[in-house]
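Participant: show me the folded form of this:
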Amino acid sequence: GTGLSGKTTNLRFIQEKIDPASRSELICLETETERTYFFDLLPIRAGYIGHFKATFQLMTVPGQVYYEASRKNVLVGTDGLVFVADSQIPLLDANLESLESLRRNFKEQKTDLALFPMVYQYNKRDLSNLIPVETLNKLLNPHGAPHVEAAAISGVGVFETLKEIARLTVPRVREKIFGPEGEDTLRPGRKDELELI
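Facilitator: Numbers count the residues shown, from 1 in each chain. Take a look at the predicted model:
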């Protein structure tokens, strides 16, 4: 999403509300004005997939245009994606530009964004001068991926977004590990670490 769309705010809310035993500390690499410089990272433990202990590595990327190289690096190996759109009318063009940049980055990785596990979060729905959700879906989400209306500053829609991207991502990761049949090929009783990014 664009700069200041609420990506870091989402992670801060999750860190504040989730059980400390299920998460690590939030790591923020910010500029002096508290804008994300390279990424923010919040690891949370999410139980098991087969015999693998699953950890979600929740990461943000900088939204500013001039940090595109940083975004490309963070996107490598990503298992699922939340696009955080700022719902305010003056930021429509910035949202479109950010999404186009994302498409370019995925195309360079030979990945079709339309087939990738993705959720759109339409953030800042608590403000005025908003783009209608129907318009956001038409312009940003023409393939009908799941979307969540949010006000991340107060936590509205934050965990709904997290649950939705987990719902899309976990089956894909399970298939990568165990194959299309879902067969667990690990030795019985073996516990391995698995990180979902």
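
Participant: tell me which element the residue positioned nearest the centre of the chain is part of?
Facilitator: With distances taken as CA atoms, centre = their mean, V82 lies nearest the centre of the chain, 3.2 Å away. Secondary structure assignment for V82, by DSSP states H and E: strand 81-86.

Participant: buried set for stretch 138-151?
Facilitator: L140, N141, A145, P146, H147, V148, E149, A150, A151 (16 or more other CB atoms under 10 Å). (Glycine included, C-beta is placed from N, CA and C.)

Participant: and the two most separated of those residues?
Facilitator: Across these, the longest distance by CB to CB is 20.4 Å; it joins A145 and A151.

Participant: related to what we said a few turns ago, show me what the strand holding V82 is packed up against.
Facilitator: In terms of contacts (3 or more CB pairs under 8 Å, 6 or more residues apart in numbering; DSSP states H and E), strand 81-86 is packed against helix 7-17, helix 92-108, strand 118-123, helix 133-140, helix 158-178.

Participant: name every strand pairing with that strand and say which way it goes.
Facilitator: The pairing partners recorded for strand 81-86 under DSSP bridges are strand 118-123 (parallel).

Participant: next, the angle helix 158-178 makes with the strand it pairs with.
Facilitator: 170 degrees (axes from the mean of the first three to the mean of the last three CA atoms, to 10 degrees).

Participant: average pLDDT across strand 118-123?
Facilitator: If you average the pLDDT over strand 118-123, you get 98.

Participant: likewise for stretch 75-93?
Facilitator: 94.

Participant: that one: how far from the chain's middle?
Facilitator: Taking CA atoms, centre = their mean, to the nearest Å, one finds stretch 75-93 lying 8 Å from the centre of the chain it belongs to.

Participant: distance between the ends of it?
Facilitator: Terminal residues of stretch 75-93 are spaced 22 Å apart (CA to CA, to the nearest Å).

Participant: now do stretch 85-96
Facilitator: By CA to CA, the extent of stretch 85-96 from end to end equals 9 Å.

Participant: quick one: distance of that stretch to the chain centre.
Facilitator: Using CA atoms, centre = their mean, the offset of stretch 85-96 from its chain centre is 18 Å.

Participant: pull out the buried residues from it.
Facilitator: A85, D86, S87, Q88, L91, L92, A94, N95.

Participant: which residues are in contact with the third one?
Facilitator: For S87, the contacting residues are Y122, N123, K124, R125, L127, L130, I131, L136, by CB atoms under 8 Å, 6 or more residues apart in numbering.
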